[in-house]
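Colleague: Just a sequence and a predicted model for now, questions to come.
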Amino acid sequence: MTTVLTPASPLTAADRCDRCGAQAYLRVVLASGGELLFCAHHGRKFEPELKKIAAEIQDETDRLTPVPPSPEDEER
């Protein structure tokens, strides 16, 4: 998904997908005003349509990628 990162506030666990209520990882600022929030699943599902109506897309789905364990964690 093409993204435009703006100085918008980061999404938090309190931000919920407007479609299903799961945690939101995408904020879509509409060209007509207003915004929509989507989980990664629905963001991907609606990507073609969202690109047509979005002025900006804040994509934080990279936060879903697991962080590899640190060497200290592996010693435990």
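Modeller: Okay, I see it.

Colleague: Now for V29: which residues touch it?
Modeller: By CB atoms under 8 Å, 6 or more residues apart in numbering, V29 lies in contact with T6, A8, E35, A54, A55, E56, I57, Q58. From N, CA and C alone the C-beta is placed, and that goes for glycine too.

Colleague: Filter these down to the ones in strands?
Modeller: Among the contacts of V29, DSSP state E puts E35, A54, A55, E56, I57, Q58 in strands.

Colleague: So which of those is the closest to R44?
Modeller: Distance to R44 across the ones in strands among the contacts of V29 (CB to CB) is lowest for I57, with 12.0 Å.

Colleague: mind checking pLDDT for C39?
Modeller: On pLDDT, C39 comes in at 97.

Colleague: Greatest separation within the ones in strands among the contacts of V29: which pair is it?
Modeller: Among these, the pair separated by the greatest distance (CB to CB) is A55 and Q58, at 11.1 Å.

Colleague: When the two are compared, which one has more neighbours?
Modeller: The neighbour count for A55 versus Q58, taken as other CB atoms under 10 Å, is higher for Q58 (22 against 13).

Colleague: hang on, the earlier thing: which of the contacts of V29 are buried? Put it as a ChimeraX command.
Modeller: To isolate the buried members of these in ChimeraX, using 16 or more other CB atoms under 10 Å:
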select :54,57,58
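
Colleague: Save the contacts of V29 as JSON lines, and put in distance to G21 and pLDDT too.
Modeller: Output for these, formatted as JSON lines (distance: CB to CB, whole Å; pLDDT from 0 to 100):
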{"residue": "T6", "distance to G21": "25", "pLDDT": "48"}
{"residue": "A8", "distance to G21": "21", "pLDDT": "74"}
{"residue": "E35", "distance to G21": "16", "pLDDT": "95"}
{"residue": "A54", "distance to G21": "21", "pLDDT": "96"}
{"residue": "A55", "distance to G21": "25", "pLDDT": "95"}
{"residue": "E56", "distance to G21": "23", "pLDDT": "95"}
{"residue": "I57", "distance to G21": "20", "pLDDT": "95"}
{"residue": "Q58", "distance to G21": "19", "pLDDT": "96"}
